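Trainee: Everything below, folded, please.
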Amino acid sequence: MSKVGQAYAGHIMDTIEKIDRIQQRGDLTRDEVLYDATLRNLQTLSEATQQLPEVIKAQYPAIPWKQISGFRNILVHNYLGDLDPETVLMVVQQHLPLLAAAVRGMLATDSADQ
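Mentor: Next comes the predicted model:
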(Lines give C-alpha, C1' and ligand atoms only; values in the text may rest on other atoms or scores of the structure.)
Protein backbone atom coordinates (compact mmCIF):
# COMPACT_ATOMS: atom_id res chain seq x y z
CA MET A 1 0.00 0.00 0.00
CA SER A 2 1.23 3.50 -0.76
CA LYS A 3 2.25 5.86 2.00
CA VAL A 4 -0.96 7.79 1.36
CA GLY A 5 -2.98 4.57 1.72
CA GLN A 6 -1.13 3.79 4.94
CA ALA A 7 -1.93 7.26 6.25
CA TYR A 8 -5.64 6.84 5.52
CA ALA A 9 -5.69 3.35 7.06
CA GLY A 10 -4.01 4.76 10.16
CA HIS A 11 -6.52 7.61 10.21
CA ILE A 12 -9.38 5.09 10.10
CA MET A 13 -7.92 3.25 13.08
CA ASP A 14 -7.51 6.55 14.95
CA THR A 15 -11.17 7.43 14.43
CA ILE A 16 -12.31 3.97 15.52
CA GLU A 17 -10.24 4.36 18.68
CA LYS A 18 -11.78 7.81 19.28
CA ILE A 19 -15.25 6.35 18.90
CA ASP A 20 -14.32 3.64 21.42
CA ARG A 21 -13.23 6.35 23.87
CA ILE A 22 -16.45 8.26 23.27
CA GLN A 23 -18.41 5.08 24.06
CA GLN A 24 -16.53 4.76 27.35
CA ARG A 25 -17.73 8.22 28.40
CA GLY A 26 -21.40 7.33 28.28
CA ASP A 27 -24.44 6.43 26.25
CA LEU A 28 -24.49 8.22 22.90
CA THR A 29 -28.22 7.52 22.63
CA ARG A 30 -28.81 9.73 25.68
CA ASP A 31 -26.04 12.33 25.43
CA GLU A 32 -26.19 14.60 22.41
CA VAL A 33 -22.58 15.72 22.80
CA LEU A 34 -21.38 12.09 22.63
CA TYR A 35 -23.78 11.47 19.75
CA ASP A 36 -22.47 14.47 17.81
CA ALA A 37 -18.86 13.48 18.49
CA THR A 38 -19.59 9.97 17.24
CA LEU A 39 -21.26 11.30 14.09
CA ARG A 40 -18.29 13.53 13.33
CA ASN A 41 -15.84 10.66 13.71
CA LEU A 42 -17.99 8.35 11.58
CA GLN A 43 -18.00 11.00 8.89
CA THR A 44 -14.21 11.30 9.04
CA LEU A 45 -13.84 7.51 8.98
CA SER A 46 -16.17 7.17 6.00
CA GLU A 47 -14.30 9.84 4.06
CA ALA A 48 -10.98 8.13 4.81
CA THR A 49 -12.25 4.76 3.53
CA GLN A 50 -12.97 6.40 0.18
CA GLN A 51 -9.27 7.20 -0.12
CA LEU A 52 -8.05 3.63 0.35
CA PRO A 53 -6.82 2.00 -2.86
CA GLU A 54 -9.52 -0.11 -4.54
CA VAL A 55 -7.07 -2.99 -5.01
CA ILE A 56 -6.56 -3.12 -1.22
CA LYS A 57 -10.28 -2.87 -0.43
CA ALA A 58 -10.94 -5.71 -2.87
CA GLN A 59 -8.90 -7.97 -0.58
CA TYR A 60 -11.54 -7.45 2.12
CA PRO A 61 -14.84 -8.30 0.39
CA ALA A 62 -16.68 -8.82 3.69
CA ILE A 63 -16.45 -5.08 4.32
CA PRO A 64 -19.31 -3.16 2.66
CA TRP A 65 -17.11 -0.39 1.25
CA LYS A 66 -19.85 1.16 -0.89
CA GLN A 67 -22.27 1.22 2.02
CA ILE A 68 -19.65 2.92 4.19
CA SER A 69 -19.24 5.54 1.51
CA GLY A 70 -23.01 5.90 1.27
CA PHE A 71 -23.26 6.22 5.04
CA ARG A 72 -20.91 9.19 4.81
CA ASN A 73 -23.41 10.86 2.50
CA ILE A 74 -26.22 10.17 4.98
CA LEU A 75 -24.12 11.65 7.78
CA VAL A 76 -23.22 14.76 5.82
CA HIS A 77 -26.58 15.38 4.13
CA ASN A 78 -28.95 14.31 6.88
CA TYR A 79 -30.94 17.50 6.62
CA LEU A 80 -34.23 16.00 7.73
CA GLY A 81 -32.87 14.24 10.80
CA ASP A 82 -33.69 10.72 9.61
CA LEU A 83 -30.66 9.31 11.40
CA ASP A 84 -31.33 8.32 14.98
CA PRO A 85 -28.99 7.53 17.88
CA GLU A 86 -30.01 3.85 18.01
CA THR A 87 -28.99 3.36 14.37
CA VAL A 88 -25.66 5.06 14.99
CA LEU A 89 -25.07 2.87 18.06
CA MET A 90 -25.86 -0.24 16.01
CA VAL A 91 -23.34 0.83 13.35
CA VAL A 92 -20.70 1.42 16.01
CA GLN A 93 -21.28 -1.88 17.80
CA GLN A 94 -21.88 -4.18 14.84
CA HIS A 95 -19.82 -2.78 12.00
CA LEU A 96 -16.80 -0.99 13.43
CA PRO A 97 -15.19 -4.11 14.94
CA LEU A 98 -15.19 -5.80 11.51
CA LEU A 99 -13.82 -2.69 9.83
CA ALA A 100 -11.14 -2.34 12.50
CA ALA A 101 -10.04 -5.94 11.98
CA ALA A 102 -9.81 -5.42 8.21
CA VAL A 103 -7.82 -2.20 8.52
CA ARG A 104 -5.49 -3.80 11.07
CA GLY A 105 -4.98 -6.58 8.54
CA MET A 106 -4.13 -4.02 5.85
CA LEU A 107 -1.60 -2.33 8.06
CA ALA A 108 -0.08 -5.60 9.24
CA THR A 109 0.21 -6.96 5.69
CA ASP A 110 1.72 -3.71 4.53
CA SER A 111 4.33 -3.61 7.29
CA ALA A 112 5.21 -7.27 6.67
CA ASP A 113 5.78 -6.51 2.96
CA GLN A 114 8.35 -3.85 3.74
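Trainee: For residue 71, give me its contacts.
Mentor: Residues counted as contacts of residue 71 (C-beta atoms under 8 Å, 6 or more residues apart in numbering) are 42, 46, 91. To be clear about C-beta, it is placed using only N, CA and C from the backbone, and glycine gets the same treatment.
Trainee: ok, longest helix in the chain?
Mentor: Counting residues, the longest helix found in the chain (DSSP state H) is helix 3-25.
Trainee: Now go through the contacts of residue 71 and say which are in strands.
Mentor: Within the contacts of residue 71, no residue falls in strands by DSSP state E.
Trainee: Can you tell me which of those residues has the most neighbours?
Mentor: Greatest neighbour count in the contacts of residue 71, by other C-beta atoms under 10 Å, goes to residue 42: 24 neighbours.
Trainee: separation between it and residue 95?
Mentor: 10 Å (C-beta to C-beta, to the nearest Å).
Trainee: Helix, strand or coil: sort out residue 63 for me.
Mentor: What DSSP: H, G, I helix; E, B strand; the rest coil gives for residue 63 is coil.
Trainee: Low-confidence stretches in the protein?
Mentor: Along the chain, the model assigns pLDDT under 70 to residues 78-81, 110-114.
Trainee: mind listing the helices for it?
Mentor: Counting by DSSP H, the chain has helices at residues 3-25, 32-50, 54-57, 65-76, 85-90, 96-113.
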